[in-house]
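**Q** The following block contains a protein sequence and its predicted model.
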Amino acid sequence: MKPTTAFLLSAAIGWLLLAGGCAPAPKPPVPAEPASYAAVLRRAGLVAPLPRHRRWLHFCDTTRDARFRLGRQLPQVWAWLADYYERVEAGNVPEPAELVRLSRPTPPDSLPPPSPPPPPPTVRFHSPSAAAEQQRQRQERQQRLQQRQQTARLLTAMQRAGLLPGPWRAQATQLQLLACAADRSELLYLLAQLATVADTLRRDTLLLPALQRAGLLRPEPARRLRRALARQHIIDPIEVLPYLRSPSCTFSRAEYPAAPGAYLRQLHQDVAGLLGLTLTDFRYQMRIPPDVLPCAPYCPDNRELTVSFRVDGRRYAYRSDWVPVGSEIDHDDFCQLFNRILAERDSAYRLVSVGSSISQNVGCSPDRFGLWLLTAAQARRLEAADGRLRQLRAGYDSVVFQMLPPGL
């Protein structure tokens, strides 16, 4: 998948939240949040019981400075904890009085004279012995093990303190965040990024009315979806798709064969099955692009993928980038090819790629994405007057409206 900005992480479903002209729906019950999380952090032992650390916690809990503020929502608390642990590791937990002093402008005449530049460092090259290299590797493995144990203890303490709701604890295990994150700070930053998208879905009041007005969400699934959002069971935009009437499917790389050829064949057959198509004579080829050929020994992951297959005797083909780390294949490339097939068959449907905020944020997690079938009428109802729907990753402006049969 091509890189996207954080703004588009929740676009696949999140931009539907802003569909104009929707009447506000009754707000789902939202779990009560404490007026301050400082006492919770102290009781759980997540902040060291040292006077300097306690003063820092109190300052961050009461300050209006957004750079240090603890916050009143769990994603903000997780991000603050990540910053706190980084300060602890660096030995840089400041005294609030120091921040006040440093924030005051210093008169020019009181500035000390500039220090002379340091002498250039002496660089010595040496090759470590085999025994030294083995010792270094053992120390690195031991350090990684200690960091994972420390992170596991952190998650347990957060869960006991009510700072890690059940779905997030499960995701931290299922997504192998313990293996992805280098330390507890990185894990907390990952959780905070994911929770920002999930919290937007949970708090929005326009998502369900927009889907209902477009005829995509029936009353009973709407009640279940509202309940799941309120209980924070929906933490990724693609998890909304199973509640909708229109055909959709979610895909996870972990559920497919590891071999690229078997994965590509099965993936395309599954997408064809979603569209009611029969796919035959599947072929694929990977090659090093000419522009990166000179660096091939040093950048072996750069590949150009060509896929072809037949539908009702006619051969179709497309090219895409292949990146073994992450999404491997660009979902939009094969979506556009399948949409071309739908257009040639005068189908009212078009395929939309729905991105996963988890896959976008967690680089080592298995790639996940959703595919959603919509008609032009449904797309126009969702888009309403503000045009937000066109910012879907496989936007209707280029994929749907320009390929619709006449009269739709």
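**A** The structure has been received and is ready for your questions.

**Q** per the record, what domains does the chain have?
**A** By the assignment in automatic domain parsing, the chain contains the domains 13-24+31-98+149-235, 246-403.

**Q** These: lowest mean pLDDT?
**A** Mean pLDDT values for the domains of the chain show the minimum at domain 246-403, a mean of 75.

**Q** Is it correct that residue 60 is in contact with residue 67?
**A** No: using C-beta atoms under 8 Å, residue 60 is not in contact with residue 67; the gap is 9.6 Å. C-beta coordinates here come from the backbone N, C-alpha and C atoms, glycine included.

**Q** can you redo the domains of the chain as a markdown table with distance to residue 134 and mean neighbour count?
**A** Formatted as a markdown table, the domains of the chain follow (distance: least, C-beta to C-beta, whole Å; neighbours: other C-beta atoms under 10 Å):
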| stretch | distance to residue 134 | mean neighbour count |
| --- | --- | --- |
| domain 13-24+31-98+149-235 | 22 | 17 |
| domain 246-403 | 26 | 17 |
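
**Q** how about those domains in a markdown table, adding distance to residue 135?
**A** Listed next are those as a markdown table, based on distance: least, C-beta to C-beta, whole Å:
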| stretch | distance to residue 135 |
| --- | --- |
| domain 13-24+31-98+149-235 | 21 |
| domain 246-403 | 27 |
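
**Q** Out of those domains, flag the one nearest residue 116.
**A** domain 13-24+31-98+149-235 (26.1 Å; C-beta to C-beta).

**Q** Distance from the chain centre to that closest one, please.
**A** Distance of domain 13-24+31-98+149-235 from its chain centroid, counting by C-alpha atoms, centre = their mean, to the nearest Å, is 14 Å.

**Q** Now residue 317: closest residue in space that isn't a chain neighbour?
**A** residue 308 (3.8 Å; C-beta to C-beta, 6 or more residues apart in numbering).

**Q** Okay, that neighbour and residue 314: tell me how far apart.
**A** 11 Å (C-beta to C-beta, to the nearest Å).

**Q** helix, strand or coil for the residue nearest to residue 317?
**A** Three-state call for residue 308 (DSSP: H, G, I helix; E, B strand; the rest coil): strand.

**Q** Is it bridged to anything, and to what?
**A** Beta bridges link residue 308 to residue 283, residue 317 when assigned by DSSP bridges.

**Q** my read: it touches residue 283, true?
**A** Yes: taking contacts as C-beta under 8 Å, residue 308 lies within contact range of residue 283: 5.0 Å.

**Q** what residues are up against the nearest residue to residue 245 once chain neighbours are set aside?
**A** Leaving aside its chain neighbours, residue 245 sits nearest to residue 216 (5.4 Å; criterion: C-beta to C-beta, 6+ apart). By C-beta atoms under 8 Å, 6 or more residues apart in numbering, the residues touching residue 216 are 244, 245, 246, 374, 378, 382.

**Q** Next, give phi and psi for the third one.
**A** Translated: residue 246. Per-residue torsions, residue 246: phi -70, psi 150 (degrees, to the nearest 10).

**Q** Let me see the contact set for it.
**A** 216, 372, 373, 374, 375, 378.

**Q** Of these, which belong to helices?
**A** Using DSSP state H, the subset of those located in helices is residue 378.

**Q** how much space between residue 38 and residue 99?
**A** For residue 38, the distance to residue 99 equals 17 Å [C-beta to C-beta].

**Q** cool, residue 224 as well?
**A** From residue 224 to residue 99 the distance is 48 Å (C-beta to C-beta).

**Q** ditto for residue 255
**A** From residue 255 to residue 99 the distance is 50 Å (C-beta to C-beta).

**Q** Residue 182 too?
**A** Residue 182 sits at a distance of 28 Å from residue 99 (criterion: C-beta to C-beta).

**Q** Would you agree residue 275 is in contact with residue 351?
**A** Yes: the criterion here is C-beta under 8 Å, and residue 275 meets it with residue 351 at 7.2 Å.

**Q** can you list residues touching both of the two?
**A** With C-beta under 8 Å, 6+ apart as the test, residue 275 and residue 351 both reach 338, 342, 373.

**Q** Of these, just say which sits nearest to residue 129.
**A** residue 338 (57.2 Å).
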